[in-house]
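Peer 1: Structure for the following, please:
(one chain, ligands or ions: 1)
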Amino acid sequence: MRNWILAAAAAAIFVAPGVASAQAPIVIKFSHVVANDTPKGKGALKFKELAEKYTNGKVKVEVYPNSQLFKDKEEIEALQLGSVQMLAPSTAKFAPLGAKEFEALDLPWLFKDDAAYDKAMKGPVGKWLFKKLEAKGITGLAYWDNGFHMASANRPLINPSDFQGLKIRISGSKIADQYFRNLGSIPQIMAFSEVYQALQTGVVDGCANTPSNYLTQKFHEVQKHITVSNHAHLQYAVIVNSKFWSGLPADVRTQLDKAMAEATDYTNSIATKENEDALAEIKKSGKTTLHYLTPEQKAAWQKAMAPTYKWAKGRVGQEVLDLIAKELDVKMN
Ligand code: LMR
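Peer 2: A predicted model of the protein is given here:
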């Protein structure tokens, strides 16, 4: 027995230098709620690939998709507590971080197209919003695009009156809550991972999301009618715990910044096509009916939702609204 202990100790001394020089990698747990086969899912995997390559294995990125590790609210708490290091929540979910100004981005038909969205987020609006996170101990690294929302139910949603009395799942934004109320529906905040079952069992009647999320979560299989309304935009902010990020060795952080910049370009370059393909797939499935609004019908939705613009000031403050209005050359309230 004694000999065995001595032999083990000797072996430990012998291997110790090797063990000490091969430092354990820095682990970044990247949690998110959507499928791998979506713009965000692919972006997270791209970041993993580049981060591990550029740091020569000094960093290991573990991606946890599909709410595997945490659901929407829990992952934000986990980031604050340091049990995960990186997230990319929809900006509609930032109020619990103490940054409800992000909800200004949920105003209906705020971005008339992808170019308008891009312009706002790459310019002062995107930067100003990230500044809001600093005081909360959160660092914003990038914005990732996921296109425009559709809306659905088991009856066609063509005129504002079609929303009357429908329970609609929303992801968290009070702005979305407000405009669905403007339409006469009853919005309900619910974690993304619970939506399919809630639609299937009738806990809610409808929802809104982008084609890639409908397809990968199979929402279109439990919604008879989808209106390709493009009434809101879905974007993510990739965020990290500031203490963790600033505590990284500077050379490692430089490589991670590079990996993030490239993963961001990649994600934003595939988002539109991914959603077009997803929409084509949904159509081909024959499991739901797609509807497109005429200019008059769109105008009727816009008119019904317009009070949200006035209401928004009390929620997100005038400053961010002014900033967006200036950047996009639109009238806010
Ligand atoms: C949702 O909860 O509807 C989305 O924000 C999910 C996502 O991350 O795309």
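Peer 1: Identify the bridge partners of the most centrally placed residue in the chain.
Peer 2: What sits nearest the mean C-alpha location of the chain, by Cα atoms, centre = their mean, is residue 90, with 2.7 Å. With beta bridges defined as DSSP bridges, residue 90 has these partners: residue 236.
Peer 1: what do you get for residue 86?
Peer 2: Beta bridges link residue 86 to residue 30, residue 240, judged by DSSP bridges.
Peer 1: Quick check: which ranges of the chain have low pLDDT?
Peer 2: Along the chain, segments meeting pLDDT under 70 span 1-22, 333.
Peer 1: gap between residue 80 and residue 121?
Peer 2: Counting by Cβ to Cβ, to the nearest Å, the gap from residue 80 to residue 121 is 24 Å. Glycine gets a C-beta too; all of them are placed from N, C-alpha and C.
Peer 1: More neighbours: those two, which one.
Peer 2: Remark: of residue 80 and residue 121, residue 121 carries more neighbours, 23 against 15, as counted by other Cβ atoms under 10 Å.
Peer 1: okay but that one is in contact with residue 143, surely?
Peer 2: Yes. With contact defined as Cβ atoms under 8 Å, residue 121 counts as touching residue 143 (4.5 Å).
Peer 1: show me what contacts residue 326?
Peer 2: Counting by Cβ atoms under 8 Å, 6 or more residues apart in numbering, residue 326 touches no other residue.
Peer 1: Now do the SS call for it.
Peer 2: Assigned by DSSP: H, G, I helix; E, B strand; the rest coil, the conformation of residue 326 is helix.
Peer 1: how about the residues of the stretch 1-150 of the chain near the ligand?
Peer 2: Residues of the stretch 1-150 of the chain lying near the ligand by Cβ under 6 Å from any ligand atom: 33, 34, 90, 146.
Peer 1: Could you look up the SS state of the first one?
Peer 2: The local conformation at residue 33, judged by three-state DSSP, is coil.
Peer 1: Can I get the helix or strand hosting residue 80 in CSV, CA atoms only?
Peer 2: Per DSSP states H and E, residue 80 falls inside helix 72-81. What follows is helix 72-81, C-alpha atoms only, in CSV (Å, rounded to 0.1, in the frame of the first residue of the first chain):
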residue,chain,number,x,y,z
ASP,A,72,-35.4,33.0,-21.8
LYS,A,73,-35.6,34.6,-18.4
GLU,A,74,-33.3,32.1,-16.6
GLU,A,75,-30.5,32.6,-19.1
ILE,A,76,-30.4,36.3,-18.4
GLU,A,77,-30.1,35.6,-14.7
ALA,A,78,-27.5,33.0,-15.4
LEU,A,79,-25.4,35.5,-17.3
GLN,A,80,-25.6,37.9,-14.4
LEU,A,81,-24.6,35.2,-12.0
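Peer 1: Just the buried residues of that helix, please?
Peer 2: 72, 75, 76, 78, 79 (16 or more other Cβ atoms under 10 Å).
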